Structure formats: C-alpha cells, structure tokens
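>>> Below are the sequence and a predicted model for it; my questions follow.
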Amino acid sequence: MKTLLVPIDHTAAAEHTLAYANKLAVRWPAEVVLLYCHPTAPGIQAAAAEPAEQEQRLRSLVERLRYQQLTRQDGRRIRYRYRLVGGCLHDHVQAEAARCAANLVVMGLEHLDGGRQAAPGNHAAAITELVTCPVLVVPPGRRTLPSRLVFSTDFSALNPHILPRLSALHDAFPAPLDLVQFYSPGQRPLRRQLKQAVGRAAAQLTWPAATAHLLEDDAPLEGISEFCHRHQAQLLIIAPANAAQLLRYFDSCYTTTQAYHTRIPVLVLRPQERQATVSCCERCAERLGQPKPQAALPDYHAVRWA
C-alpha cells in the first residue's frame, strides 16, 4: 500500500493541500496519513484543544473535503489514518515518515509550525532535509493533477538513485515529462557531455513520454520558470544538491513577483543516504574502527640496479 504523509493544520491553505493529496490518493491509489502537530508553547498551551477534539476536527475536515472535488465513489475509496503529536513538525516528521513508511510527503508551501509563521520556502526546505522520501510542496489555491511535468536539474552530476524513485511516481503522475538541462555561455564546450547526460537519464527512466531539452541560459532559475510558463507545466520536479539551492526556488523576490514556478506544485527529490557499515561482532567493530594502513610503496632508490 502506497502511503502519503500529509502534515496539516487548521488554515485555509492546508485545505487546498489535503484536497490535492486526496486526488493523488485516488490516482495512485494510496493511503493518507494526516499528521497534526498541536502547539505546546507556554503562551498558547491553554488554547490547545484535547487530542480527541483535535482528531474530531480533522475527521470533520476530511469528511467535508473528500467529496468536495471528488465523486462519492472515489471519496469512499480513500483510507485515512490520523497522527496527533505535540510540538513542532520538525521534531516529528522524520520519525513519522519512517513509522508509516511514507512514499511521499505532501505539504503546503506556507505551513504554520507550532504557531510560528515561517517565510515561504524555508519551512519546505527544512522538512525536505529531514525526510528521505520525495516531498511535494503545494502552493495555496485549488488545482487539478498535472497534465504536463518538467524535471530540471544538473543531469551531469545527478545521483543515479534518484531516477528509479522518479520512475516509481509515474502511476501518480501519468503525464508527458520534459527533462530540461540548462548551461551557461561559458559551458558551451561541454554541450556534448551535457547532452549525453540528459539522454542517459531519459533512457534510464521508465517514463513512456519523456523528452530531453538542452537549453542555454545564464540564469537557469529564471529560465526554468519561463520554460514551465511557455509549456504550461502544472508540476515542476527538481533535485537540488543542498538546501541552499532549494531555498533559491522560493526566494522572496520570486514569491513577491509570483513567478510561475512558485505558483505550481514543486516535487523535491533527494538521494537516499548511504547506510553505514554494520559490524557483526565486537572484534569486527574494532577492526572496522582501525585506520586502514597505507600501502607500502617500493623504494626504488635502495635497489642496486645492475
């Protein structure tokens, strides 16, 4: 059973996030796990309702939204689970994602965490760094599931583990996919290598309709926003190398001017972390902890050559 973990609060923007997750749950299909973190700060502790009341509010919200934009038959097929914890989402999302074996985290762009409003994108970047599964960031507003997708990244440095994870999402997003690689004017001598990297990625993806594009632009972020606008893409997929790159997608200059890529959902893919080597006994642990001896190189000057 595929699982969607949906962090939620009682704001209007959260309703749009849940409505989008409902459509994904029907399309995939998947189970929806609603995660609500109620504030526990001293100043607002008295205003926090009892867990039973909070769960009842979530159930009422679910029953209202599941049939609002879905047919009654589709709404009945969705299975929900509820998780209520105290504190900030940052403190619980990693454990909750592992607990329910989440395949995808669906969260809002502007999420209230513990009663504190974070800048757009900062909260999403922080949550993305904490979980290993893909994270779908949904901006406020009603929207349909995408009919055209754009995947933009540096394919020459792309982690190979990301492509199978993207292929696994095809059932949820069965739409044409554009693979876009940007390069600066100074990278013109590398065009052949970059084109080969995009071609290899398209060949490895099990995506029926994937098209590769190699475009020159000295401002890749503005370029991908214009490309999405020109092709009317409804979902942007990115694979940032670090949190700083993700934050640039939601920089205040783009959110203030409502750039196109901030008005559509963004799917963030992160490579899986390599697991540490596990020893089977104390002796093996001691051996693994010892530094590896350096290879002894032959001393050619000490050899008497005939």
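Now that the structure is in, tell me what you want to look at. As the structure is a prediction and not an experimental result, all values here were calculated from the model.

>>> contacting residues around the nearest residue to Asn103 once chain neighbours are set aside?
Excluding the flanking residues, the one nearest Asn103 by CB to CB, 6 or more residues apart in numbering is Lys2, at 4.9 Å. The way it works is simple: take the backbone N, C-alpha and C, and place the C-beta from them, glycine included. Counting by CB atoms under 8 Å, 6 or more residues apart in numbering, Lys2 makes contact with 28-31, 103-104.

>>> Identify the bridge partners of Lys2.
Applying DSSP bridges to Lys2 gives these bridge partners: Ala30.

>>> where's it relative to Pro174, distance?
Lys2 sits 14 Å away from Pro174, going by CB to CB, to the nearest Å.

>>> What about Leu269, how many residues nearby?
Leu269 is flanked by 22 other residues according to other CB atoms under 10 Å.

>>> can you pull the contacts of the nearest residue in space to it that is not next to it in sequence?
Closest residue in space to Leu269, ignoring its immediate chain neighbours: Ala239 at 4.5 Å, by CB to CB, 6+ apart. By CB under 8 Å, 6+ apart, Ala239 lies in contact with 151, 153, 158-159, 162, 268-271.

>>> CA atoms only for whichever strand or helix holds Val33, dumped as PDB, please.
Assigned by DSSP states H and E, Val33 falls within strand 30-38. Written as PDB, here are the backbone C-alpha positions of strand 30-38 (Å, rounded to 0.1, in the frame of the first residue of the first chain):
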ATOM      1  CA  ALA A  30      -2.600   5.400  -1.700                       C
ATOM      2  CA  GLU A  31      -3.400   5.700   1.900                       C
ATOM      3  CA  VAL A  32      -3.400   9.200   3.500                       C
ATOM      4  CA  VAL A  33      -1.800   9.700   6.900                       C
ATOM      5  CA  LEU A  34      -2.700  13.100   8.400                       C
ATOM      6  CA  LEU A  35      -0.100  14.400  10.800                       C
ATOM      7  CA  TYR A  36      -1.200  17.300  13.100                       C
ATOM      8  CA  CYS A  37       1.300  18.900  15.400                       C
ATOM      9  CA  HIS A  38      -0.500  20.900  18.000                       C
END
